[in-house]
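Asks: take this sequence and fold it.
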Amino acid sequence: MSGSTARFQAIQAVTNYTPISAPLNFSETPGSELFGTNVFNMKVMKDRLPKNIFKSVMKTIESGEPLGADIADTVAAAMKDWAIEKGATHYAHVFYPLTGLTAEKHDSFLAPDGVGGAVNEFSGSALSQGEPDASSFPSGGIRATFEARGYTAWDVTSPAYILENPNGTTLVIPTAFFSWTGEALDKKTPLLRSMKALNIQAQRVLKLFGHKNIPLVTASAGPEQEYFLIDRNFFFARPDLISAGRTLFGAMPPKGQEFCDQYFGAIPDRVLACMMDTERELFKLGVPVKTRHNEVAPSQYEIAPIYENANVAADHQQLLMLMLKKVAGKYGMECLLHEKPFAGVNGSGKHLNWSLGNAVQGNLLEPGKTPHENMQFLVFCAAVIRAVHKHSTLLRAVVAHAGNDHRLGANEAPPAIISIFLGEQLGDVFDQIKKSGTAASSKQAGFMTVGVDTLPPLPKDAGDRNRTSPFAFTGNKFEFRAVGSSQSLSGPLVALNTIMTESLDYIATELEKATGGDQAKLAGAVQVLLKSIINDHGAVVFNGDGYSEEWHAEAAKRGLPNNKQTIDALPAITDPAVISMMEKYKVLTPREVESREEIYFEQYVLTINLEARLTHEIAKTIIYPAAVRYQGELAAAAANCKAAGVEFDFSLLSKLSSLIKTLNEKIAILEKLNDDAGGGGHGVANPKKASERCAKQVKPAMQAVRAVVDELETIVADDHWPLPTYQEMLFIK
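Replies: Have a look, this model is predicted:
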């Protein structure tokens, strides 16, 4: 079968699509009754655990107290019975290695009873600790390849759940993953450590404001997930999508996103059915998804949850990505989570809404109606300003990877310059503080009258939003817009929690020194501190157009870094100040920090090398033969015309022949670079050095091949072109 035949058959299959499974009986069980039905949550624990055991578990969840082995045994027994009632035969410790993906090890409940039968067993030790092989996961030099022992440890704060399969169910237990030496090999462990550190310093500040018996302060997160859905027939006809998750070739179609007719448009029935099914599966798992809509690019969509405890939100985000892919297949579609699956149209991000608070003091980034009078809020907000300005390069580093390089800095995503948008109201308050040391007023929200009698006056916020800002205040939280769509939330959350911890530590120390414990001196001390912070760190605040060239020039004058590529951004991870901060607050040891920089450079190199080999393979074995076949057809037509004495226009044949020659030259250059890099495989000898080569030589060589291929697509006869085109993939549903 020729490539073009496969392409046309894919189009036919898409246009003749029929649902794979019967429609859901959505009226059978309301969403409210469905929510959390597959979660071993507080309600289930309260019903199934003895009262004293339940109280002990809740103390661990709410205040971080250790959980005893005897309590774990009781919880394990209740969890096993609950899971078996739901059809489970196995349990799995799920963990999040430094690949950023989800990993799991399954074990059966069944154990021989010694007399020819079997019984279901699940002890507290089996719940609390597992032992997956750690040798094949990246460790950044922490472990040698032959050193295989790794452990998983039950995370009590993230509820266990049931994962359904057509042939049964599995009890899934969220865990941390670390080496035999006790060093973190995962995304969860440092996140839990950072949340512990944040709580300690936040409580110090709250005590200064006279609060007593302060509950655990936790970070909250709510990620807005963007993604693409395309038909699987197209997906399997594109080797680049299968292996790289993005198209390495593709000319822009006559129509893209310029009409803005996709954004918030009516959701196609097939896509909406997939969304609804995905949401119901997530509801069962207790994931509080709230919003769905069409995004800007054709075939691009968004799903967003209500924000929740940051650790649970990170686990739920991994589940959400898995479920998006799983359910999409049920509807004959493929979910693409790459940051830029299609060049020339908007890519996908994962806007991370972040805040902190607790059950008594509430959201500590809630300004109230008169933020100029809300001294506590201003202190916490100033802590964010200081943290982001002081550690902007770290924030840039934790969103740096090969996929995000295609997105950041374009007019679809925030620039690589990290700045803060405060909005008119807060910007004005901090301007007043900067000028006079105090703020006397706040711009107030009003009402909007739109001139239609049948519409009521609409409440109007005190300030607009800014979609060009990488770190924007959005009412009672900050939105970190630079996170990539395929990324784990954990890295950005660890960075945010830790830099906020350092900033709150600084603030608490300064206020303690200034007041000496005298509450009467607090207001004056806060006034002096706020003025100092905004004077020293106000350069990071920018409320204008982050896409403009003027801002880039202005940012340079302000001394704000602009690390445009991954290779420029990643070294900030091992900046001595970052290593010192991570060690001081016991989030990561120096060795753990260094391992992460090495792993992220290695992943960058592996990604670029994979894409380079794919580019070479597709261009040489798929595109080149198709172009030559068309060249032969044109040459035969020219010969026939000459034999018949008919004039033939050679311009197209000449252009095609020239492009084929250029393509061969560009392929040869890329092939030499690929040969020099060696084959694939686990590990890269010198990731940092190799990443320079990838960025400065391999990527330009790939782009040079692509430029020729994309031009060929515009002149090769349609019946010869072997790959599904952008027009087909993005618009045929």
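Asks: quick check: mean pLDDT of stretch 661-670?
Replies: If you average the pLDDT over stretch 661-670, you get 98.
Asks: buried ones in that stretch?
Replies: Using 16 or more other C-beta atoms under 10 Å as the test for burial, stretch 661-670 gives 662, 663, 666, 667, 670. C-beta coordinates here come from the backbone N, C-alpha and C atoms, glycine included.
Asks: scan the protein for its longest helix.
Replies: helix 590-618 (DSSP state H).
Asks: okay, which residue is most central for the protein?
Replies: Geometric centre of the chain, nearest residue: residue 487, 3.3 Å, by C-alpha atoms, centre = their mean.
Asks: pretty sure that one contacts residue 348?
Replies: No. Taking contacts as C-beta atoms under 8 Å, residue 487 lies outside contact range of residue 348: 10.6 Å.
Asks: re earlier: quick one: list the elements packing against the longest helix of the chain.
Replies: helix 239-244, helix 402-405, helix 566-569, helix 576-584, helix 651-677, helix 687-693, helix 699-713 (3 or more C-beta pairs under 8 Å, 6 or more residues apart in numbering; DSSP states H and E).
Asks: per-residue pLDDT of residue 440, please?
Replies: At residue 440, pLDDT is 81.
Asks: secondary structure class for it?
Replies: Using DSSP: H, G, I helix; E, B strand; the rest coil, the structure places residue 440 in coil.
Asks: contacting residues around it?
Replies: The contact partners of residue 440, by C-beta atoms under 8 Å, 6 or more residues apart in numbering, come to 372, 432.
Asks: so how far is residue 521 from it?
Replies: Distance from residue 440 to residue 521, counting by C-beta to C-beta, to the nearest Å: 21 Å.
Asks: buried residues in the host helix or strand of residue 382?
Replies: For residue 382, the enclosing helix or strand under DSSP states H and E is helix 375-390. Buried positions in helix 375-390, judged by neighbour count with 16+ other C-beta under 10 Å: 376-390.
Asks: does the residue nearest to the centre of the chain sit in a helix, a strand or a coil?
Replies: Under the three-state scheme (three-state DSSP), residue 487 adopts coil.
Asks: next one: residue 219
Replies: Residue 219 ends up strand, using three-state DSSP.
Asks: count of residues packed around it?
Replies: 25 (other C-beta atoms under 10 Å).
Asks: what helix or strand is residue 296 on?
Replies: Residue 296 belongs to no helix or strand when assigned by DSSP H and E.
Asks: residue contacts, it?
Replies: 257, 260, 262, 263, 345, 346, 412.
Asks: could you redo the last one with a cut-off of 6 Å?
Replies: 257, 263, 346 (C-beta atoms under 6 Å, 6 or more residues apart in numbering).
Asks: from residue 598, how far out is it?
Replies: Distance from residue 296 to residue 598, by C-beta to C-beta: 36 Å.
Asks: point out where the stretch 1-150 of the chain drops to low pLDDT.
Replies: 1-3, 144-148 (pLDDT under 70).
Asks: let me redo that: the chain
Replies: Scanning the chain residue by residue, the ranges that satisfy pLDDT under 70 are 1-3, 144-148, 410-411, 446-465, 679-683.
Asks: where exactly do the strands run in the stretch 51-200 of the chain?
Replies: 88-95, 103-108, 110-112, 118-120, 129-130, 150-154, 161-165, 168-179 (DSSP state E, counting those that start in this stretch).
Asks: can you redo those as a markdown table with distance to residue 619 and mean neighbour count?
Replies: Shown next, in a markdown table, are the strands of the stretch 51-200 of the chain (distance: least, C-beta to C-beta, whole Å; neighbours: other C-beta atoms under 10 Å):
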| stretch | distance to residue 619 | mean neighbour count |
| --- | --- | --- |
| strand 88-95 | 39 | 23 |
| strand 103-108 | 34 | 15 |
| strand 110-112 | 52 | 11 |
| strand 118-120 | 56 | 12 |
| strand 129-130 | 45 | 18 |
| strand 150-154 | 40 | 22 |
| strand 161-165 | 40 | 18 |
| strand 168-179 | 39 | 23 |
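Asks: using CSV, write down the CA coordinates of stretch 206-222.
Replies: Presented in CSV, the C-alpha positions along stretch 206-222 are these (Å, rounded to 0.1, in the frame of the first residue of the first chain):
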residue,chain,number,x,y,z
LEU,A,206,0.3,34.2,60.5
LYS,A,207,1.4,34.1,64.2
LEU,A,208,2.8,37.6,63.8
PHE,A,209,-0.7,38.7,62.8
GLY,A,210,-2.1,37.3,66.1
HIS,A,211,-3.5,34.0,64.8
LYS,A,212,-3.3,31.1,67.2
ASN,A,213,-3.8,27.3,66.8
ILE,A,214,-3.2,27.7,63.0
PRO,A,215,-4.2,24.7,60.9
LEU,A,216,-1.8,23.3,58.3
VAL,A,217,-1.3,25.8,55.5
THR,A,218,-1.2,24.1,52.1
ALA,A,219,-0.6,25.2,48.6
SER,A,220,-3.5,24.9,46.2
ALA,A,221,-3.4,24.2,42.5
GLY,A,222,-5.8,24.1,39.6
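Asks: hmm, who's touching that stretch?
Replies: Residues contacting stretch 206-222 (C-beta under 6 Å, 6+ apart): 62-63, 195, 198-199, 202-203, 305, 307, 309-310, 313, 353-356, 358-360, 376, 497, 511.
Asks: how about stretch 717-733?
Replies: 3-4, 7, 10, 14, 230, 234, 237-238, 250, 253, 268, 298-299, 622, 626, 629-630.
Asks: tell me how far it lies from the chain's centre.
Replies: Its chain's average C-alpha position is 29 Å from that of stretch 717-733, according to C-alpha atoms, centre = their mean, to the nearest Å.
Asks: alpha carbons only: can I get it in PDB?
Replies: Provided in PDB are the C-alpha atoms of stretch 717-733 (Å, rounded to 0.1, in the frame of the first residue of the first chain):
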ATOM      1  CA  ALA A 717       0.400  16.400  -6.900                       C
ATOM      2  CA  ASP A 718      -2.100  15.600  -4.200                       C
ATOM      3  CA  ASP A 719      -2.500  12.000  -5.200                       C
ATOM      4  CA  HIS A 720       1.300  11.500  -4.700                       C
ATOM      5  CA  TRP A 721       1.500  13.200  -1.300                       C
ATOM      6  CA  PRO A 722       2.000  10.400   1.300                       C
ATOM      7  CA  LEU A 723       1.200  12.100   4.700                       C
ATOM      8  CA  PRO A 724      -2.100  13.300   6.000                       C
ATOM      9  CA  THR A 725      -2.000  17.100   5.700                       C
ATOM     10  CA  TYR A 726      -2.700  19.800   8.300                       C
ATOM     11  CA  GLN A 727      -6.000  20.600   6.400                       C
ATOM     12  CA  GLU A 728      -7.100  17.000   6.800                       C
ATOM     13  CA  MET A 729      -6.000  16.400  10.400                       C
ATOM     14  CA  LEU A 730      -7.200  19.700  11.800                       C
ATOM     15  CA  PHE A 731     -10.500  20.100  10.000                       C
ATOM     16  CA  ILE A 732     -11.900  16.600   9.100                       C
ATOM     17  CA  LYS A 733     -13.700  15.300  12.100                       C
END
